[in-house]
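> Return a 3D structure for these sequence lines:
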Amino acid sequence: MVVDIDPDSFEEELKRTNPKGRLWEACAARALSPPTIHHGRADDRHRVEMELAYGEWELRSGVQWGWSRKVAEQLAAQALLDELAALERDEPAVRARGAVTADDDVFEVTAEDVARQRKTNPKGQVYEWCQKQRPPVGRPRFETRKVPGGVLWVRGRLDALEVSSPWFATQRRKDGEQAAAEALLQLLPVGEGAPAADAIATANPRTVLNDLVLHGPLAECQVEVIDQQGPAHAPVFTAQGWARFSDGREVRGASAEGSSKREAITAASRALLALVDER
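Below you'll find the model as predicted:
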């Protein structure tokens, strides 16, 4: 269905609600610097994106288009206001600049992950899934937090399903968003419009196990490093996992090795997940 928009009425409504003014007021109330504005133009359309630093968080409006720069800026400001409201809703401690706690799962994005995700483009697949729904659902939003050492922590959230990915540690935000999207793929409903099975298979197995605990059928699971061998410059880690079903049954996965703790834990998680799937 095509909806005709009267530019004059639309611009008058934006002027009345004034998202940009309200955003600047929100920044002042929180002692935040005003957002950074990136402006561009394609033919007769204006392109605006805003970024706002909120403590350790970086909020982005996404690219917004308008027939004038003023309209595009108002739309970007409204998108950033929505991001700000969502952050403060989901993270009550954000006003206190609370740090991520030790209980939060943070996964390192490795070179192997980056190479795989460049081939599968999980972020694009999640966007495609959102667009295929009837009616289409909102795209995921990606939250970024700066931590000491120049590292970024990134996670994704799909509000339509009320699900979030774990945190992913990376040097580049783009790589973190792809890793978070890969985790979100596993949480999408199976059926028409769901991503291909081979794309889901690339999701972090530890993320899948955590989801099985949260939503069943697992009551508990754990994957940990049980041994370390080799010299300091070339260690070999061994990990193993176990899981308990809601009915009390327990399974123990095969042990797995890796050159890093994460690699070993990921391999052991994949072995445990395969065993869980068989039951």
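
> mind listing the helices for this structure?
Listed in chain order, the helices of the chain (DSSP state H) span 7-17, 19-29, 69-90, 111-120, 122-132, 173-187, 197-200, 205-215, 261-278.

> now the angle from the last one to helix 111-120?
Taking axes from the mean of the first three to the mean of the last three Cα atoms, to 10 degrees, one finds helix 261-278 and helix 111-120 inclined to each other by 60 degrees.

> Identify all contacting residues around helix 261-278.
107-108, 110, 204-206, 208-209, 212, 218, 221, 223-225, 237-243, 251-258 (Cβ atoms under 8 Å, 6 or more residues apart in numbering). For glycine as for every other residue, the C-beta is placed from the backbone atoms N, C-alpha and C.

> quick one: least confident helix or strand in this structure?
helix 197-200 (a mean of 44; mean pLDDT, DSSP states H and E).

> residue ranges with poor pLDDT in the protein?
The model of the chain has pLDDT under 70 over residues 1-8, 56, 90-105, 148, 190-204, 207, 211, 215-216, 277-279.

> Repeat the analysis, applying 50 as the threshold.
Applying pLDDT under 50 to the chain picks out residues 1-5, 95-103, 196-202.

> what residue is smack in the middle of it?
Central residue of the chain (Cα atoms, centre = their mean): Gly156, 1.4 Å from the mean position.

> so that one bridges to which residues?
Phe142 (DSSP bridges).

> can you pull the contacts of it?
Contacts of Gly156 by Cβ under 8 Å, 6+ apart are Val126, Pro140, Arg141, Phe142, Glu143, Ser164, Ser165, Glu177, Ala180, Ala181, Ala183, Leu184.

> Return the distance of it relative to Pro217.
Distance, Gly156 to Pro217, by Cβ to Cβ, to the nearest Å: 25 Å.

> go on, Arg89?
30 Å.

> ditto for Trp57
Counting by Cβ to Cβ, the gap from Trp57 to Pro217 is 35 Å.

> Those two - which one has more neighbours?
Trp57 (18 against 13; other Cβ atoms under 10 Å).

> If we ignore the residues flanking it in sequence, what's nearest that one?
Distances taken as Cβ to Cβ, 6 or more residues apart in numbering put Arg145 closest to Trp57, at 5.6 Å, once the chain neighbours are dropped.

> For that neighbour, grab the count of nearby residues.
With other Cβ under 10 Å as criterion, Arg145 counts 20.

> Any figure for the gap between it and Ala179?
For Arg145 relative to Ala179 (Cβ to Cβ), the value is 14 Å.

> now Arg157
For Arg157, the distance to Ala179 - Cβ to Cβ - is 14 Å.

> where do the contact lists of those two overlap?
Going by Cβ under 8 Å, 6+ apart, residues that sit against Arg157 and also against Ala179 are Ser165.

> Which one's more surrounded, those two?
Ala179 (32 against 19).

> For that one, give me its contacts.
Here Ala179 is in contact with Phe107, Val109, Asp113, Gln117, Pro122, Val154, Ser165, Phe168, Thr170, Asn204 (Cβ under 8 Å, 6+ apart).

> cool, and Phe237?
Per Cβ under 8 Å, 6+ apart, neighbours of Phe237: Val225, Asp227, Gln228, Glu257, Gly258, Ser259, Ser260, Lys261, Glu263, Ala264.

> If you drop the residues flanking it in sequence, what lies closest to the last one?
In other words, Ala264. Gly258 (3.4 Å).

> for Ala256, what are its contacts?
Thr238, Ala239, Gln240, Ala264, Ala267, Ala268, Arg270, Ala271.

> Which member of those is positioned nearest Ser68?
Arg270 (52.0 Å; Cβ to Cβ).

> possible to save the contacts of Ala256 as TSV with distance to Trp65 and neighbour count?
What follows is the contacts of Ala256, written out as TSV (distance: Cβ to Cβ, whole Å; neighbours: other Cβ atoms under 10 Å):
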residue	distance to Trp65	neighbour count
Thr238	53	16
Ala239	48	25
Gln240	52	20
Ala264	47	26
Ala267	45	22
Ala268	47	28
Arg270	42	21
Ala271	48	20
